[in-house]
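>>> Here is the input, now give the coordinates:
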Amino acid sequence: MAEHLGDRLGRLRRLADLTQDGLAERSGVSVDVIRKLEQKRKHSARLPTLHHLARGLGVELTALLGDPPGVPSNGEADPPQLVAVRRAIMPPLFAPPPEPQGVERLSLSLVRGEIAKGWTLYHDADFASLMEVLPGIIADARLLAAIGNDAQRSGGQAVLGKALQLGGHLAIRLGKTDLALSALEHAMRAAEQSSDPLLAPMISNSVAWNYQRQNRLYDASRLAVHAADGVERDHGVTAAGVRVWGGLLMSAATSAARSGDYDTANDMMVTAEKATGLLRKLPPPHDSKMLSVFNRSSVRIERVRLAVQHGRPEEALGLAKGMRLSKDTPPSWRTWLLLDVARAHTDTANAEGAVKALESLRRIAPGWMRHHTLAVSVVNDLWAGANHPPGLRKLAEFLGVGAQ
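Numbering: from 1, shown residues only. Now for the predicted structure:
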């Protein structure tokens, strides 16, 4: 069973040697909110509030509210699969390079296909399978970056950068933000030597996301805006450029929202959503799987999320109503949408609507749902209410909360 947010908050507060009043003073969050969270009279908090609490505690945001765990977070040594990922991202120092093997079978198209399959595993939240195959993908890409003529090595650097970016994303999902930053630094060096002019700004977006997870919101916003300006200036007339620019703008909006500036964030999101119309007028990119996720559906999903996180559930439900997902929207985005819709229904006292969304989520991603803190908090809130619609007990039993 996932640890309750209140238990985690109390444990971190005591480790920081702070009273509830002391944490309130350092974070700017009212002592009443802190008390209700720790007493489990309140099961969730808005994301800006969590950022303020994390800053007051001196911890990363993931210490308070992380993503579904891909590996156990129990203080034990990393499992062999994660050790192999670390070794692939950061080869042993001062050791002779391994003898190249299988050079004759490698090609850019083969490794790009491997990376595309890796991203599919990532978007499906199949982190265990991704950890198994990622070291081999990075090794193949690293070899391609070192052999052949200048043009071939440049192409190899492009696939190496993309493979290391995937490693960075996986590390973020596993709560290993320092490993993620190392992977993304290596990815950026590869991008600078590559044949892909959009790879560096895409990696910048990944770094901005990592900064958000570390509560470095100002750094994240500046990086995303700077990279977006460069893409708009140099590549704004291509579909690939629009997608990368749009992803960066969404990232900047998220940082603004988490800093508490919802109006600025919403303006950015509206601008991004309008820009998705350009994609219908431009020739499609050559390989969309290697680009940022950016379409009308992805922007609308992010707008729903920001509205929910800022206590605007009616606005969130209005944005979600009648939404039809684009075919290139990864399945993981649908899971987030259903969870946010469930939260919005809960906040508007529509228990039936919340249960319906959660039942859909359970059918689509049961493992993801079982370990997600927000899903647990939503079901806790529903169970604490007077109205228990059909299906709620099964959800509570599935998550191990409330129904004992």
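>>> Find out how far the helix or strand of the chain with the lowest mean pLDDT is from the centre of the chain, if you would.
Ranked by mean pLDDT, DSSP states H and E, the weakest helix or strand in the chain is helix 61-64, scoring a mean of 73. Put simply, helix 61-64 sits 13 Å off its chain's centre (CA atoms, centre = their mean, to the nearest Å).
>>> buried residues in it?
By neighbour count on 16 or more other CB atoms under 10 Å, the buried set for helix 61-64 is Leu61, Thr62, Ala63, Leu64. Placement of C-beta: from N, CA and C, glycine included.
>>> how many other residues sit next to the residue nearest to the third one when sequence neighbours are not counted?
Meaning Ala63. Nearest non-adjacent residue to Ala63, counting by CB to CB, 6 or more residues apart in numbering: Leu12, 6.2 Å away. Neighbour count of Leu12, defined by other CB atoms under 10 Å: 19.
>>> what does the domain assignment say about the chain?
Structural domains assigned to the chain are 5-64, 77-196, 198-294, 323-404, following automatic domain parsing.
>>> how far does the shortest one stretch from start to finish?
Read it as domain 5-64. Distance between the two ends of domain 5-64: 7 Å, counting by CA to CA, to the nearest Å.
>>> Can you get me a residue count around Ser107?
By the criterion of other CB under 10 Å, Ser107 has 12 neighbours.
>>> what does Ile115 give?
Number of residues near Ile115 (other CB under 10 Å) recorded here: 23.
>>> Who are the contact partners of it?
When contacts are counted by CB atoms under 8 Å, 6 or more residues apart in numbering, Ile115 touches Ile137, Ala141, Val159, Lys162, Ala163, Leu166, Met290.
>>> just Ser44 next, same as before
Contacts here follow CB under 8 Å, 6+ apart; on that basis Ser44 touches Leu5, Arg343, Leu374, Ser377, Val378, Asp381.
>>> top of those by neighbour count?
Counting neighbours by other CB under 10 Å, Val378 leads the contacts of Ser44 with 29 neighbours.
>>> which is the next helix or strand following the helix or strand where that one lies?
If you go by DSSP states H and E, Val378 is part of helix 373-384. Note on helix 373-384: by DSSP H and E, the next helix or strand toward the C-terminus is helix 392-399.
>>> buried sites along that following helix?
By neighbour count with 16+ other CB under 10 Å, helix 392-399 contains the buried residues Leu392, Leu395, Ala396, Phe398, Leu399.
>>> Can you verify my assumption that the second one contacts Arg363?
This points to Leu395. No - using CB atoms under 8 Å as the test, Leu395 is too far from Arg363 to be in contact (11.6 Å).
>>> in the stretch 201-350 of the chain, what spans have low per-residue confidence?
287-290 (pLDDT under 70).
>>> Return the residues in contact with Val378.
The neighbourhood of Val378, defined by CB under 8 Å, 6+ apart, consists of His43, Ser44, Leu339, Ala342, Arg343, Thr346, Ala354, Leu358.
>>> can I get these in CSV with distance to Ala386?
Shown next, in CSV, are those (distance: CB to CB, whole Å):
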residue, distance to Ala386
His43, 16
Ser44, 19
Leu339, 23
Ala342, 18
Arg343, 19
Thr346, 13
Ala354, 14
Leu358, 18
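>>> Tell me the one among the residues you listed nearest to Leu184.
Distances from Leu184 to those, taken as CB to CB, are shortest for Leu339 (26.6 Å).
>>> and the closest one, what element?
Assigned by DSSP H and E, Leu339 falls in helix 331-347.
>>> Pull out the buried positions in that helix.
For helix 331-347, by 16+ other CB under 10 Å, it's 332-347.
>>> of the residues you listed, closest to Ala145?
The nearest member of these to Ala145, counting by CB to CB, is Ser332 at 28.8 Å.
>>> any idea how far the closest residue to that closest one other than its chain neighbours lies from Leu130?
Closest residue in space to Ser332, ignoring its immediate chain neighbours: His123 at 4.7 Å, by CB to CB, 6+ apart. Look at His123 and Leu130: by CB to CB, to the nearest Å, they are 10 Å apart.
>>> Same question for Ala139.
Taking CB to CB, one finds Ala139 at 15 Å from Leu130.
>>> What helix or strand is Leu358 located in?
In the assignment (DSSP H and E), Leu358 maps to helix 351-364.
>>> Not counting its own residues, what contacts that helix?
Against helix 351-364 from outside (CB under 8 Å, 6+ apart): 331, 334-335, 338-339, 341-343, 345-346, 369, 375, 378-379, 382, 385, 387-392, 395, 398.
>>> Flag every buried residue along the host helix or strand of Ala240.
Using DSSP H and E, Ala240 sits in helix 239-258. Buried residues in helix 239-258, counted by 16+ other CB under 10 Å: 239-258.
>>> same deal with stretch 347-355?
Judged by neighbour count using 16+ other CB under 10 Å, the buried positions of stretch 347-355 are Asp347, Asn350, Ala351, Gly353, Ala354, Val355.
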